[in-house]
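Visitor: Structure, please.
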Amino acid sequence: MYKKWMQCCQRSMRRKNMQTIFYMILVALSAAIAVFIGSFAIGIYQKDINAAMKRDNQKLSSQRNNAMTQYIHRMIQFSDTLCYNVIKNNADYMPQMFQTVYDAYKDSIESIALFNGEGELLYVTPAQTLESGTDVTAKKWFVEALQGTENIHFFGPQVYDDFEQEKEFFWVLPMSRCVQINEGSRVTEGVLLISMKYSAFTEIFGNQMPEEKNYSFLMDSEGKLIYHPKHAQINAGFREYPPASLGSAADGFCELTLDGESVMCFVETVGYTGWKMVSVSGKEEINMAGRRYRLVIVCIILVVLLCAMLLGSYLSRVLTEPIHHLEEDVKRISEGDLNVKVHSSGSCEVYHLGKSIQKMTEKIRGLMRDIVREQEEKRKSELNSLQAQITPHFLYNTLDNIVWMIEDDKKEEACLSLTSLARLLRISLSKGKNVITLEDELEHVRNYLMLQSMRFADRFTYEIQMQPGIQHLEVLKLIVQPIVENAVYHGMERMYGDGEILIRAYTSQKELYISIRDNGRGMSREQLETLLDVTQEVPTKKGNGLGVRNVHERIQLYFGKQYGLTIESAIDAGTEVLLHLPAVMYTGREL
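Guide: Sure thing, here's the model as predicted:
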């Protein structure tokens, strides 16, 4: 699977240029780094905000717990004062002392009552009357006080209905303890009941509003609520009752769901009572802050990506543009353009690579020049050798014909032939030059035709025409004679007395043209296509067109592919060979 994936990636990379690949890698790497840093920052922020929330929650809970502990401690001190200093030692002054102590603590307590072991009311401050039919011995606070004589007992909130009230009933938190009552010489047990105001707890807990997300409540060990800012809503069923397990939970943090919302709770035991103070913090605010922070991080990531895209586009263009230029230069070199100036810019590696390719191109260009020069020299040597092979053949035939004339006592014809032959050889040699004037070339052809006319006993006539003023144009030596020779041996074959050869030299549009026309038997289209095709093998015999091809290749070799021969011919309609050369004045230069 991994191998296939890598092959797929490689195929995809081959279809994209280097700039695109570099740009994609840079953007992807920037995106990965930005996302990683963003995720890390969000995680750190979430951790820090959770830790901060826990610290705040714990701090607030500790403050309220300390206030509650101090309040309970005052109540305990208050009950100890009544128990040991008043009830036990100063029973005679009990009413006055009860009133004095009540006045000192009336903001925190609703009443102070003392009952004997049979449940009879002995003293109460402020003065009140038990509700008729009330049996205090059945009250939980009364029973547990007598059973646990060494302890102070705290109880959950209840309606203050043990005494007759002129106003509406309200909530109190009973605190009871067993006391010893002196009745003369007899000591009996009784119960001291202190009714703590429920409103005092509201002040301790900071007047929390029901709609607040962060609040604290008290719960006893059995999971019953002692104080809750939303007590009324819970009793009415509008709020979910907190889990009873919080009453026995260990001190510390815990997370749970209340009223369908995820909250964090800090549980802490209130001293002397065993109650649990639970401080609740809604996680919605944390989540909201986290969402805002994540939104900021996402915006930052998008900005970073945008900057990365812009920077990546710039860097990819700057870094890959020299390589792109180098690629185009190498492509042009591969297509044969060795004169290209290779770009050498960019990084150190690309710069040296460009310089190396430039040096390589110059070496290739030099080698190619050497090869071309060698091939040209070789071709010239071959063509000159071929010309040298043609000339002795003609010389042998001419000398043989002169010998025949002398033997036949035709001294004048022999003398004329020797004179023409001398002129022909003079022009053929031309002091070893390859370039002569048009006038000399046509004079050479005239001598050749004169010799051939005498040899073939006037079987053909010839005419040479030259446009005035072009006699000093330069031409390659011996390019007309092979064409004329081909016309004599091939075109005039089987013709007696009516053969005609017309040679015309003229210029057109600054180009030189030499036309050789005969009225011989002509050639077929297949013969024409073979005559100048260098890929076709030509047998070496007289009048076979080897000289024609030689002339065509010499002209193209010296002057270029746009010059050379064109042939028009048809069976029994004669042949015209047109030589095309540049019209350049003769300067004696060598090609």
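
Visitor: so what's the residue nearest to residue 169 when sequence neighbours are not counted bridging to?
Guide: Closest residue in space to residue 169, ignoring its immediate chain neighbours: residue 159 at 4.9 Å, by C-beta to C-beta, 6 or more residues apart in numbering. Backbone N, C-alpha and C define where each C-beta goes, glycine included. Legend: beta-bridge partners of residue 159 under DSSP bridges are residue 171.

Visitor: ok, now which ones touch residue 159?
Guide: Listed by C-beta atoms under 8 Å, 6 or more residues apart in numbering, the contact set of residue 159 reads 169, 170, 171.

Visitor: Just give me the closest of those residues to residue 565.
Guide: Closest approach between those and residue 565, by C-beta to C-beta: residue 171, at 130.2 Å.

Visitor: contacting residues around the closest one?
Guide: 157, 158, 159, 160, 198.

Visitor: For the third one, give its distance to residue 109.
Guide: Residue 159 sits 16 Å away from residue 109 when distances are taken as C-beta to C-beta, to the nearest Å.

Visitor: thought residue 333 was touching residue 354?
Guide: No - in this structure residue 333 lies outside contact range of residue 354 using C-beta atoms under 8 Å: 11.7 Å.

Visitor: Can you verify my assumption that residue 445 contacts residue 482?
Guide: No - using C-beta under 8 Å, residue 445 makes no contact with residue 482, being 10.0 Å away.

Visitor: quick one, which of residue 333 and residue 354 is more surrounded?
Guide: residue 354 (22 against 19; other C-beta atoms under 10 Å).

Visitor: did I read that right, residue 417 in a helix?
Guide: Yes - assigned with DSSP: H, G, I helix; E, B strand; the rest coil, residue 417 falls within a helix.

Visitor: got the contact list for the closest residue to it other than its chain neighbours?
Guide: Nearest residue to residue 417, sequence neighbours excluded (C-beta to C-beta, 6+ apart): residue 402, at 5.0 Å. Listed by C-beta under 8 Å, 6+ apart, the contact set of residue 402 reads 414, 417, 418, 421.

Visitor: neighbour-wise, which of these leads?
Guide: Counting neighbours by other C-beta under 10 Å, residue 417 leads the contacts of residue 402 with 22 neighbours.

Visitor: Need the contact partners of stretch 505-519.
Guide: Here stretch 505-519 makes contact (C-beta under 8 Å, 6+ apart) with 438, 442, 465-467, 470, 473, 475, 479-480, 483-484, 487, 491-492, 498-504, 574-583.

Visitor: Show the buried residues in these.
Guide: The neighbour count (16 or more other C-beta atoms under 10 Å) marks 438, 442, 466, 470, 473, 475, 479-480, 483-484, 487, 491-492, 499-504, 574-583 as buried among the contacts of stretch 505-519.

Visitor: which ones among those are found in helices?
Guide: 438, 442, 483, 484 (DSSP state H).

Visitor: Out of those, which is nearest to residue 140?
Guide: So of those, ranked by how close each gets to residue 140 (C-beta to C-beta), first place is residue 483, at 144.5 Å.

Visitor: for the protein, which helix is longest?
Guide: helix 18-80.

Visitor: Can you tell me, leaving aside adjacent residues, what's nearest to residue 569?
Guide: residue 575 (3.9 Å).

Visitor: what's the span of stretch 129-143 from first residue to last?
Guide: Distance between the two ends of stretch 129-143: 21 Å, counting by C-alpha to C-alpha, to the nearest Å.

Visitor: quick thing: my sequence starts at 164, can you match it?
Guide: Fine by me, first position is 164 from now on; the one you just mentioned is stretch 292-306.

Visitor: What lies in contact with it?
Guide: So stretch 292-306 is in contact with 278, 281-282, 284, 316, 318, 324-327, 337-339, 354, 356, going by C-beta under 8 Å, 6+ apart.

Visitor: Filter those residues down to the buried ones.
Guide: Neighbour-count burial (16+ other C-beta under 10 Å) applied to the contacts of stretch 292-306 gives 278, 282, 284, 316, 318, 325, 326, 337, 338, 339, 354, 356.

Visitor: what would the contacts of residue 322 look like in JSON lines with distance to residue 243 and pLDDT?
Guide: Compiled in JSON lines, those are given as follows (distance: C-beta to C-beta, whole Å; pLDDT from 0 to 100):
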{"residue": "332", "distance to residue 243": "30", "pLDDT": "70"}
{"residue": "333", "distance to residue 243": "27", "pLDDT": "78"}
{"residue": "334", "distance to residue 243": "25", "pLDDT": "82"}
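
Visitor: about what we covered before: could you tell me how far the residue nearest to residue 332 is located from residue 194?
Guide: 66 Å.

Visitor: repeat for residue 239
Guide: From residue 239 over to residue 194 (counting by C-beta to C-beta), the distance is 65 Å.

Visitor: Ok, residue 244 next?
Guide: According to C-beta to C-beta, residue 244 stands 73 Å off from residue 194.

Visitor: on that earlier part again, joint contacts of residue 496 and residue 517?
Guide: Common neighbours of residue 496 and residue 517, using C-beta under 8 Å, 6+ apart, are residue 505.

Visitor: where do the helices sit along the stretch 514-663 of the chain?
Guide: Taking DSSP state H, counting those that start in this stretch to define them, one finds helices in the stretch 514-663 of the chain at 574-592, 601-618, 644-649.

Visitor: Give me the mean pLDDT for the first one.
Guide: Meaning helix 574-592. Across helix 574-592, the average pLDDT comes to 72.

Visitor: chain center to that helix, what's the gap?
Guide: On the basis of C-alpha atoms, centre = their mean, to the nearest Å, helix 574-592 is displaced by 86 Å from the centre of the chain it belongs to.

Visitor: Then stretch 684-697?
Guide: Computed by C-alpha atoms, centre = their mean, the separation of stretch 684-697 from the middle of its chain amounts to 64 Å.

Visitor: buried set for that stretch?
Guide: 684, 685, 686, 691, 693, 694, 695.

Visitor: And the spatially most central residue of the chain, how far from residue 458?
Guide: Nearest to the geometric centre of the chain sits residue 187, at 0.9 Å (C-alpha atoms, centre = their mean). Between residue 187 and residue 458 the distance is 27 Å, computed by C-beta to C-beta.

Visitor: residues contacting residue 644?
Guide: Shown in contact with residue 644 (C-beta under 8 Å, 6+ apart): 607, 608, 611.

Visitor: Which of those residues are buried? Put it as a ChimeraX command.
Guide: Command for ChimeraX, covering only those of the contacts of residue 644 found buried under the criterion 16+ other C-beta under 10 Å:
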select :607,608,611
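
Visitor: Export the contacts of residue 644 as a markdown table, with columns for distance to residue 469.
Guide: Converted to a markdown table, those look like this (distance: C-beta to C-beta, whole Å):
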| residue | distance to residue 469 |
| --- | --- |
| 607 | 84 |
| 608 | 83 |
| 611 | 87 |
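
Visitor: Could you export the contacts of residue 644 as a markdown table, including pLDDT and distance to residue 379?
Guide: Compiled in a markdown table, these are given as follows (pLDDT from 0 to 100; distance: C-beta to C-beta, whole Å):
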| residue | pLDDT | distance to residue 379 |
| --- | --- | --- |
| 607 | 84 | 130 |
| 608 | 86 | 130 |
| 611 | 82 | 133 |
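
Visitor: Quick check: of the contacts of residue 644, which lies closest to residue 732?
Guide: residue 608 (19.8 Å).

Visitor: residues in contact with the residue lying closest to the closest one once chain neighbours are set aside?
Guide: Using C-beta to C-beta, 6+ apart and skipping the chain neighbours, the partner closest in space to residue 608 is residue 643 (4.8 Å). Applying C-beta under 8 Å, 6+ apart to residue 643 gives the contacts 604, 605, 607, 608, 666, 677, 679, 742.
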